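Chemist: Can you look at this prediction? I've put the sequence above it.
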Amino acid sequence: MSLLDYFKSSKVSSASLAKERLQILVAHERSSLNQPSYLPQLQKELLEVIQKYVNVGQDAISVSFEQDENQETLELNITLPDLITKKS
Amino acid sequence: MARIIVVTSGKGGVGKTTTSAAIAMGLAKKGHKTAVIDFDVGLRNLDLIMGCERRVVYDFVNVINGEATLNQALIRDKNCNLLYILPASQTRDKEALSQEGVGRVLDELKKDFKYIVCDSPAGIEKGAHLAMYFADDAFVVTNPEVSSVRDSDRMLGILASKSYRAEQNLEPIKEYLLLTRYSPERVKLGEMLSVEDVQDILSLHLLGVIPESKSVLNASNSGTPVILDEKSDAGQAYGDIVARYLGENRPHRFIDDQKGFFRKFFGSK
């Protein structure tokens, strides 16, 4: 696998690497531009609270903020671990 | 109706002043009375690129402060009598500009000029903010290079949210992409972002591509906007840009975009 990766990376042009990096970065920066500055801190603290009670990973929580003309919506999404395995 | 064009980029050194000088000259040569303003207070250079550095008496800050009239500060270009330059102050800093003062000077210019080109300083601080604040159109100057593209995207966000048009809920600023220092050969080798790559990322209307060209340095050495070097590729590219901006339909040149050039990601399975 690592050999294949090495083989792959040697064939990828630096321009396509640049494009890929930029696309990810720009998408991330655009989405974080309009959200309130407390959001990352909120997400971090919420995760800490939830982790006290449930064994969830870093990716289990997503916080999104949307704004239209007359309201702001804060959407919180927590993925709990599979209940069946949890019970046993 | 006068139009205010801001030439902006976020990043420094991508060609904002070169572009401001070229398009202002191009618009004036097409018969439109044009003023070009240097917003880079403390680090002025438009005067040098336009070749009028020895004729600067009063500047933008003097006009804002009422120490000189607009007519005293405006310098008529030596090559075109429809083009005027308003230099920045070299001895002050960006704080000398105020939103109210800049608005007042632009309003006065609008009475007499068809196009007002605002040469923005680099960065997103006060000078850059005021250069774009009152704009109708934005020329976003970008190099095919990661930091420039990222900064341009940041600038687009600012244009869309912190301008007068945005704040007043008016029709948004019209944004155009000018890709400068483009090297088709390096694009072909996969060493440089292509026009399409940059457009994919920024989703901007392409006004034109300026190829990397020796003529740009030659032009700045002699203090003549590169657009006047009609034999040069960069001069012609700027000519196309002005024509397109004014509504002419001109095919893009200097891209040399070779279709069917695909890099192989896997030599074999």
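Modeler: Sure, I can see it.
Chemist: what residue ranges in the chain are flagged as low confidence?
Modeler: All of this is about chain A. Along chain A, the model assigns pLDDT under 70 to residues A:1-11, A:34, A:83-88.
Chemist: Wait, chain B was what I had in mind.
Modeler: In the predicted model, chain B carries pLDDT under 70 at residues B:257-269.
Chemist: for it, longest helix please?
Modeler: When secondary structure is assigned using DSSP state H, the longest helix within chain B turns out to be helix B:146-161.
Chemist: Near B:Ser194, how many residues? Count them for me, please.
Modeler: Neighbouring residues of B:Ser194 were enumerated by other Cβ atoms under 10 Å in any protein chain shown; the total is 22. Yep, even glycine has a C-beta here, placed from its N, CA and C like the rest.
Chemist: Nearest spatial neighbour of it, chain-adjacent residues omitted?
Modeler: Among residues not flanking B:Ser194 along the chain, B:Val187 sits closest, at 4.7 Å (Cβ to Cβ, 6 or more residues apart in numbering or on different chains).
Chemist: what are the phi and psi values for that neighbour?
Modeler: Dihedral angles phi and psi of B:Val187 (degrees, to the nearest 10) take the values phi -60, psi -40.
Chemist: Please apply the same query to B:Gly12.
Modeler: Dihedral pair for B:Gly12: phi -90, psi 160, per degrees, to the nearest 10.
Chemist: residue contacts, it?
Modeler: Taking Cβ atoms under 8 Å, 6 or more residues apart in numbering or on different chains as the definition of contact, the neighbours of B:Gly12 are B:122-123.
Chemist: CA atoms only: put stretch A:28-38 into PDB for me.
Modeler: Taking only C-alpha atoms (Å, rounded to 0.1, in the frame of the first residue of the first chain), the coordinates of stretch A:28-38 have been written out as PDB:
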ATOM      1  CA  HIS A  28     -13.400  25.300   4.900                       C
ATOM      2  CA  GLU A  29     -12.600  29.000   5.200                       C
ATOM      3  CA  ARG A  30     -15.800  30.000   3.400                       C
ATOM      4  CA  SER A  31     -17.900  28.000   5.800                       C
ATOM      5  CA  SER A  32     -16.200  29.300   8.800                       C
ATOM      6  CA  LEU A  33     -16.300  32.900   7.700                       C
ATOM      7  CA  ASN A  34     -20.000  33.400   8.300                       C
ATOM      8  CA  GLN A  35     -20.300  31.500  11.600                       C
ATOM      9  CA  PRO A  36     -20.000  33.000  15.000                       C
ATOM     10  CA  SER A  37     -16.500  33.000  16.500                       C
ATOM     11  CA  TYR A  38     -17.600  31.000  19.500                       C
END
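Chemist: tell me the SS of B:Cys118?
Modeler: Taken by DSSP: H, G, I helix; E, B strand; the rest coil, the conformation at B:Cys118 corresponds to strand.
Chemist: Please report the distance of it from B:Gly66.
Modeler: According to Cβ to Cβ, to the nearest Å, B:Cys118 and B:Gly66 sit 21 Å apart.
Chemist: Settle it for me: which of those two has more neighbours?
Modeler: Taking neighbours as other Cβ under 10 Å, B:Cys118 and B:Gly66 compare with B:Cys118 leading, 27 against 9.
Chemist: Quick one: the strands in the stretch 51-200 of chain B, in order.
Modeler: Listed in chain order, the strands of the stretch 51-200 of chain B (DSSP state E, counting those that start in this stretch) span residues B:75-76, B:83-86, B:115-119, B:137-142, B:174-182.
Chemist: And the helices in the stretch 101-250 of chain B?
Modeler: Ranges of helices in the stretch 101-250 of chain B, per DSSP state H, counting those that start in this stretch, are B:126-133, B:146-161, B:164-167, B:184-188, B:195-202, B:214-222, B:233-245.
Chemist: My error: substitute chain A in the last question.
Modeler: Using DSSP H, the helices assigned to chain A run over residues A:2-11, A:14-33, A:39-53, A:83-87.
Chemist: for the closest residue to chain B within chain A, phi and psi?
Modeler: Residue of chain A nearest chain B, by Cβ to the nearest Cβ: A:Ser13 (2.7 Å). A:Ser13 adopts backbone torsions of phi -70, psi 160, taken as degrees, to the nearest 10.
Chemist: surely it meets B:Gly190?
Modeler: Yes - taking Cβ atoms under 8 Å as the definition, A:Ser13 is a contact partner of B:Gly190 at 2.7 Å.
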